[in-house]
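Novice: quick one: sequence plus predicted model below, questions after.
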Amino acid sequence: MSCMIQPTLNRHPVFRALAGLLLLAALVAGSTQAFSDIAGSQARKAIAGSGRVAIVYPAIGEPYRSVFEQIISGIESQTGGHTTNFEVGANADFGELKNSLRQQGVEVVIALGSQGVKFAATLDRDIGVVAGGVIAPAGDELHDAPVQSLSPAPALLFGRLKQLMPGARRVFAVYEPRQNGWLIRYAKEAARAQGLELVAYEGQDMRSAAAAYQNILSVADSRRDAIWLLQDSIGAEGGTILPMVLQEAWNHNLVVFSSNFGHVRRGALFSLYPDNVGMGRRLAGMALGFLSSGSYEEQGMIPLREVQAAINLRTAEHLGVRPGKGMEFGMVFPER
């Protein structure tokens with residue numbers, strides 16, 4: 001087998017050790033646990049002793065490698081470890097990998113990262129695909145398969161906003177339509193359900209995005225409005241737009257929250273970020289569901305519900321925001 005496509009031992013002790021040591025390994029309660037119950041012992045028995053589920057993930061360096069190891073740990077905790085794992089390099093021979101899958105009788109592939117999704121798009125329709133670990137849409141090739149995004153579900157973001165800012169009535173956002181048009185559709189429904197008005201501006205490039213943010217900052221009311229920063233190429237570009245938005249928001253006491261927890265370190269009030277182990281369990285549940293029924297319960301891009309929260313306490317103090325006792329945060333900034 002090519003050195004660029006490396007099958008790994010599904011019970012290798014490295015994965016078990018790393019799962020306990022890495023930063024984002026805690027599981028969320030609720031939906032993740034429910035999924036675990038649904039795909040419990042009967043689903044595990046369905047794949048025991050077989051290679052019917054394969055995980056294809058990218059050969060990549062740190063810190064991203066640890067992220068995929070955590071996702072794989074979550075998958076294996078759900079399947080009882082009965083998977084065949086392939087680490088795929090940038091120049092991997094997809095034909096060779098497909099031959100390996102056929103030889104081992106694989107019926108569903110869990111494809112992680114852009115390289116895993118790129119490979120999954122080449123598979124014949126007789127092999128199921130569940131994809132994850134990507135932010136932007138995977139393209140038309142996987143439109144009929146579930147693709148778990150790294151972008152947190154807008155409903156969860158807006159719910160956390162209402163907890164921290166009960167008077168919030170309007171949310172502004174700027175997005176790149178090809179990357180986040182699908183997410184804005186979810187966001188509009190989520191906003192309506194929580195009594196919020198979503199005002200979303202398309203940004204085709206950096207110039208139009210900067211103009212949109214300047215317009216937002218000129219009309220936003222700190223008593224009722226908040227700004228949502230998305231994960232895409234223009235929504236909150238870190239070099240020029242992000243510092244401008246955060247500084248102006250600070251000056252005018254505006255709440256800024258983000259889908260990127262790195263923005264919390266720089267001054268955004270809060271973010272939701274992936275619980276990688278929980279996401280792995282979700283992907284495994286989707287794969288086991290396909291094995292059981294031969295069909296997908298969901299299709300296309302799916303926002304992430306397996307999340308943890310980060311908060312910037314300096315920003316919260318500046319805004320007069322006091323998190324409630326029941327709120328939990330996996331990350332707190334500034335770091336102490």
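Specialist: Cool, got the structure.

Novice: now do the phi/psi pair for the residue lying closest to Ser233 once chain neighbours are set aside.
Specialist: Of all residues not flanking Ser233 in the chain, Glu176 sits nearest, at 5.6 Å (Cβ to Cβ, 6 or more residues apart in numbering). For the C-beta atoms, the positions are set from N, CA and C on the backbone; glycine is no exception. The phi/psi pair for Glu176 (degrees, to the nearest 10) reads phi -90, psi 120.

Novice: also the one 10 residues further on?
Specialist: Taking degrees, to the nearest 10, you get phi -60, psi -40 for the backbone angles of Tyr186.

Novice: tally of neighbours for it?
Specialist: Number of residues near Tyr186 (other Cβ atoms under 10 Å) recorded here: 18.

Novice: Pro177 now?
Specialist: Neighbours of Pro177 (other Cβ under 10 Å): 13.

Novice: what residues are up against it?
Specialist: Taking Cβ atoms under 8 Å, 6 or more residues apart in numbering, we find Pro177 in contact with 184, 202, 204.

Novice: pull the contacting residues for the second one.
Specialist: What that stands for is Glu202. With the criterion set at Cβ under 8 Å, 6+ apart, Glu202 makes contact with 174-177, 208.

Novice: one step back: which one of the contacts of Pro177 is nearest Ala90?
Specialist: Gln204 (29.1 Å; Cβ to Cβ).

Novice: how near is that closest one to Ala173?
Specialist: 15 Å (Cβ to Cβ, to the nearest Å).

Novice: who has more neighbours out of the two?
Specialist: Ala173 (25 against 11).

Novice: is the more buried one in a helix, a strand, or coil?
Specialist: Three-state call for Ala173 (DSSP: H, G, I helix; E, B strand; the rest coil): strand.

Novice: so it bridges to which residues?
Specialist: Under DSSP bridges, the beta-bridge partners of Ala173 are Ala200, Trp228.

Novice: confidence score at Gly167?
Specialist: We have a pLDDT of 97 for Gly167.

Novice: so it touches Arg224, yeah?
Specialist: Yes. Here Gly167 reaches Arg224: they are 5.9 Å apart, a contact under Cβ atoms under 8 Å.

Novice: for these two, indicate the residue with more neighbours.
Specialist: Between Gly167 and Arg224, Arg224 has the larger neighbour count (other Cβ under 10 Å), namely 14 against 10.

Novice: returning to what we had before: next, the contact list for the residue nearest to Ser233, please.
Specialist: Glu176 makes contacts with 202-204, 209, 232-235, as judged by Cβ under 8 Å, 6+ apart.

Novice: now those in JSON lines, with pLDDT, distance to Pro58 and secondary structure?
Specialist: Shown next, in JSON lines, are those (pLDDT from 0 to 100; distance: Cβ to Cβ, whole Å; DSSP: H, G, I helix; E, B strand; the rest coil):
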{"residue": "Glu202", "pLDDT": "95", "distance to Pro58": "30", "secondary structure": "strand"}
{"residue": "Gly203", "pLDDT": "92", "distance to Pro58": "29", "secondary structure": "coil"}
{"residue": "Gln204", "pLDDT": "88", "distance to Pro58": "29", "secondary structure": "coil"}
{"residue": "Ala209", "pLDDT": "93", "distance to Pro58": "29", "secondary structure": "helix"}
{"residue": "Asp232", "pLDDT": "87", "distance to Pro58": "20", "secondary structure": "coil"}
{"residue": "Ser233", "pLDDT": "82", "distance to Pro58": "20", "secondary structure": "coil"}
{"residue": "Ile234", "pLDDT": "81", "distance to Pro58": "25", "secondary structure": "coil"}
{"residue": "Gly235", "pLDDT": "65", "distance to Pro58": "24", "secondary structure": "coil"}
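
Novice: which one of those residues sits closest to Ile127?
Specialist: Nearest to Ile127 out of the contacts of Glu176 is Asp232 (Cβ to Cβ; 30.4 Å).

Novice: contacting residues around that closest one?
Specialist: Contacts of Asp232 by Cβ under 8 Å, 6+ apart are 135-136, 175-176, 179-180.

Novice: who wins on neighbours among these?
Specialist: Busiest of those [other Cβ under 10 Å] is Asn180, holding 30 neighbours.

Novice: and of the contacts of Asp232, the nearest to Gly280?
Specialist: Ile135 (16.9 Å).

Novice: tell me how far that closest one lies from Ser149.
Specialist: Distance of Ile135 to Ser149, computed by Cβ to Cβ: 6 Å.

Novice: among the contacts of Glu176, which two are most distant?
Specialist: Glu202 and Ser233 (12.9 Å).

Novice: which residues of the chain score low on pLDDT?
Specialist: Residues of the chain meeting the criterion pLDDT under 70: 1-51, 138-141, 235-238, 336.

Novice: where exactly do the strands run in the stretch 101-250 of the chain?
Specialist: 108-112, 128-134, 146-152, 170-175, 197-202, 225-229 (DSSP state E, counting those that start in this stretch).
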